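S.K.: make a model of this:
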Amino acid sequence: MAFKQNTKLTATEIAQLWSAYMNSSMCKCIFTSFLATVEDSEIKEIISLGLETANSHQKKLISIFKSESFPIPYGFKVADDVNVDAPRLFSDSFMLYFSYNMGIIAFNFYSLSKTLSVRSDINEYFSNCVQELDQFDTMTKNVLLSKGLFIRSPYLNPKKEVDFVNNKKFMAGWFGDKRPLTVIEITNLFTNQQRNALGKSTMMGFSQVAHSKKVGKFMVRGREISAKHVEILGTVLGENHLPIPMTWDSEVTDSKISPFSDKLMMFMTTTLIGLSIGFYGTSAATSMRRDISLDFVRLSAEIAKYAEEGANIMIENGWLEEPPLSEDRDKLANT
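M.R.: Model prediction:
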């Protein structure tokens, strides 16, 4: 792939490339750690593919940055941020499901990046990434299904006819009778409950192995917030006699030796918080029952405050890498 072109990169393209590099370097570290402790041969194959993909993406991104004379982001290094000799912190099942969710996030990111990229070589790069993540998603899903670990959303009996809303009470939810959930609301509740259940177990593991007491307390706080959100979203599903997804707490070992640096764990956590705010925003906008929409707005505000705490910890420790900035015209002005 020839990257050098006369057309300059747009701010949006730089943003997506920079974010892609940071995420690829993080994934490379996570998959390296997982590969050091995974035992199941099928799961090992998935993790190996994830590591190979992250490695390939990072190399291509370095070529793009060099060709454009942009500084290569520092990101994360296996030598600095991974302890390959650490005992396993998570079970094979957890690693597989975590990898599956990482793939979903990356798939969404690359799909958006492709739509935002105009220059042909950047568009081609993200298009190839989408195809690779599509393959990774399918393979991971198949292994989850074969091992009985894939968590399906609730089944519903099909309606016999099409209906239209004829009463504004359709949007009510605070007082009186609440209508049954729409399939869109079920999806919002189910997927966010799943993400929080996974996040809770991840924070539980991180809180055990954090080197810094401040980071450890931050992870405990994240575990508590996730547990609260799991309960709130699960309660709404339960009230509608729908199954509540499983949790992953039993898949975290009792290890006290960290496989990751505090810097990597903080970046991973704050990144996931930012994504959760976006998921909650979409869920609030697409849930027509007012009580459910308000729940997502309320929970979003809570994790936004938590994200700020995380950013402050990263700044205090010099861990927050600055994205490329626009020119400061006031500083450049000859005054």
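S.K.: and the spatially most central residue of the chain, how far is that from Asn101?
M.R.: What sits nearest the mean C-alpha location of the chain, by C-alpha atoms, centre = their mean, is Leu272, with 4.5 Å. Distance, Leu272 to Asn101, using C-beta to C-beta, to the nearest Å: 9 Å. C-beta coordinates here come from the backbone N, C-alpha and C atoms, glycine included.
S.K.: hmm, who's touching the helix or strand of the chain with the lowest mean pLDDT?
M.R.: Of the helices and strands making up the chain, the lowest-confidence element is helix 329-332, at a mean of 78, by mean pLDDT, DSSP states H and E. Residues outside helix 329-332 that contact it (C-beta atoms under 8 Å, 6 or more residues apart in numbering): none.
S.K.: where are the low-confidence patches of the stretch 1-150 of the chain?
M.R.: Low-confidence regions of the stretch 1-150 of the chain, defined here as pLDDT under 70, cover residues 1-5.
S.K.: for it, which segments count as helices?
M.R.: Secondary structure of the stretch 1-150 of the chain by DSSP state H, counting those that start in this stretch: the helices cover 11-37, 41-67, 78-81, 92-116, 120-146.
S.K.: now do the stretch 151-300 of the chain
M.R.: The residue ranges that make up the helices of the stretch 151-300 of the chain, judged by DSSP H, counting those that start in this stretch, are 183-209, 213-239, 262-286, 290-316.
S.K.: contacts only, for Glu132.
M.R.: Residues in contact with Glu132, defined by C-beta under 8 Å, 6+ apart, are Thr53, Ser56.
S.K.: mind redoing it with 10 Å?
M.R.: Each residue near Glu132 by C-beta atoms under 10 Å, 6 or more residues apart in numbering is listed here: Leu49, Glu52, Thr53, Ser56, His57, Gly103, Ala106, Phe107, Tyr110.
S.K.: and what of Ile72?
M.R.: When contacts are counted by C-beta under 10 Å, 6+ apart, Ile72 touches Trp18, Tyr21, Gln58, Leu61, Ile62, Ile64, Phe65, Lys66.
S.K.: from Ser24, how far off is it?
M.R.: On the measure of C-beta to C-beta, Ile72 and Ser24 end up 12 Å apart.
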